[in-house]
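Student: predicted structure and sequence below. I'll ask about it afterward.
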Amino acid sequence: MKDLNIAVIGLGRIAQVIHLPLISSLSNVYVTAVSDINKNTLKSISDKFGVKKTYLDHREIIKNEDVDLIIVSTPTSSHRDVALDCIESGKNLLIEKPVARSYSEAKEILELAKKQHISVSVGMNMRFRPDIMLLKSVLSSDDIGTPFFIRCRWFRKQSSDSNWFVKKEEAGGGVLYDLGIVILDISLWLLDFVKVDSVSTQNYSINTQNVEDTSISFLRCDNGTTISIETSWSIECENDSLFLEIYGSKGSISLTPQQVNKVINNRKIELTSSNSSKIGELYKKSYLNQLKFIIHQIKNEIVNTDSLEQSVFNLKIIEKMYESAAQKEELKA
């Protein structure tokens, strides 16, 4: 099997904990070059993972390295520029979420990817988490009938302690950009990306100043389905607390940090059980599944921008949520 070469731009926590270790675990897949603007980080991480080719400027990777895929895991403020440089040079991309700071920046990336006929994926890895894939399978089987209400809640500590992460001009937003955009994507993916008609959002800044750290939203879809989204960095919880409940015309299905349950005719059926201590393993599995999916497409020369297009759509909805919160009213999406 032909080797597949990957470059990683941005060597922060997600690259160190997820991307580089996972790539190292795969056969015939190699990290051949890395880039970071911090010289000390570049040296220490490249030494740790045995990557010989290092660059302070991401454009040098593009110019000098023959790679099949570039993973962009830099701060969000640089995603647009790095992505456009890579696409112009014909490189397939995986961009960490959120794809950009704004709908307009994300749209630029999408338009160039389509023009250049380049595959660009976005790190919406939660779709590839085994228990969430099970939810999708149950919905597709029509076991619970037509879904009419999705309620989702995600409370946890913010994903990064870096200063840029809580600056709107650099991160794009707060908890909505960190957690909200993920469960919005999951909800719409579960519903086969139904059109959103209107949004109503209330944001709070309890422990932050520049961005929101708690957000509550209600979405109405054109098929009559409603979605409730609650996200927070500031509400106290012992562990990572992700809950999804989907109510259909025949029954319901729910995801808690411990298990997936289905309810049909008032009878509860436990579909799977995952000890809360293994949540980290589920996250890693989701990243690995997505990476394998992308590698398969590259090896089979399949050009795909589906997740990018959906992420652009998601950012348009997210921006409408901020507008709703600012105006304190429900708005057409």
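Tutor: Received the coordinates, thanks. Computed from a prediction, not measured in an experiment: that's the story for all the values here. Numbers count the residues shown, from 1 in each chain.
Student: where does Thr231 fall, phi/psi-wise?
Tutor: Here is the backbone geometry of Thr231 (degrees, to the nearest 10): phi -140, psi 150.
Student: what's the answer for Leu93, then?
Tutor: Torsion angles, degrees, to the nearest 10, at Leu93: phi -130, psi 150.
Student: count of residues packed around it?
Tutor: As a burial measure, Leu93 scores 25 neighbours (other Cβ atoms under 10 Å). C-beta: built from backbone N, CA, C; applies to glycine.
Student: what's the closest non-adjacent residue to it?
Tutor: Excluding the flanking residues, the one nearest Leu93 by Cβ to Cβ, 6 or more residues apart in numbering is Val120, at 4.5 Å.
Student: phi, psi of that neighbour?
Tutor: For Val120, the backbone dihedrals (degrees, to the nearest 10) come out as phi -130, psi 120.
Student: domains for the chain, by residue range?
Tutor: 4-124, 126-286+314-332 (automatic domain parsing).
Student: least reliable of these going by mean pLDDT?
Tutor: Ranked by mean pLDDT, the domains of the chain end with domain 126-286+314-332 in last place, scoring a mean of 92.
Student: coming back round to it: highest average neighbour count across the domains of the chain?
Tutor: Burial of the domains of the chain is given as mean neighbour count (mean count of other Cβ atoms under 10 Å); domain 4-124 ranks first at a mean of 19.
Student: endpoint to endpoint, that one covers what distance?
Tutor: Distance across domain 4-124, first residue to last, is 22 Å (Cα to Cα, to the nearest Å).
Student: Ile132: which element?
Tutor: helix 130-141 (DSSP states H and E).
Student: Phe243 now?
Tutor: Here Phe243, judged by DSSP H and E, is contained in strand 241-248.
Student: give me the residue at the spatial middle of this structure.
Tutor: Nearest to the geometric centre of the chain sits Met124, at 2.8 Å (Cα atoms, centre = their mean).
Student: show me the contacts for that one.
Tutor: Residues near Met124 by Cβ atoms under 8 Å, 6 or more residues apart in numbering: 97, 182, 185, 189, 290, 307, 310-311.
Student: what's the angle between the helix holding Ile132 and strand 241-248?
Tutor: Orientation check (axes from the mean of the first three to the mean of the last three Cα atoms, to 10 degrees): helix 130-141 against strand 241-248 gives 10 degrees.
Student: which strands and helices sit next to helix 130-141?
Tutor: On a contact count with 3 or more Cβ pairs under 8 Å, 6 or more residues apart in numbering; DSSP states H and E, helix 130-141 meets helix 181-190, strand 241-248, strand 251-255, strand 259-264, strand 267-273, helix 279-299.
Student: for stretch 61-79, how far is the first residue from the last?
Tutor: 16 Å.
Student: ok so Val34 is a strand residue?
Tutor: Yes: using DSSP: H, G, I helix; E, B strand; the rest coil, the secondary structure at Val34 is a strand.
Student: quick one: distance of stretch 79-94 to the chain centre.
Tutor: Computed by Cα atoms, centre = their mean, to the nearest Å, the chain-centroid distance of stretch 79-94 equals 18 Å.
Student: if we can go back for a sec, closest one to Ile295 among the domains of the chain?
Tutor: Nearest of the domains of the chain to Ile295, taken as Cβ to Cβ: domain 4-124 at 5.9 Å.
Student: all strands for the stretch 101-250 of the chain, in order.
Tutor: If DSSP state E, counting those that start in this stretch is used as the criterion, the strands of the stretch 101-250 of the chain fall at 120-122, 147-155, 196-204, 214-221, 226-232, 241-248.
Student: what are the contacting residues of the fourth one?
Tutor: Judged by Cβ under 8 Å, 6+ apart, the contacts made with strand 214-221 from elsewhere in the structure are 174-176, 180, 187, 191, 194-206, 226-235, 317, 321, 324-325, 330, 333.
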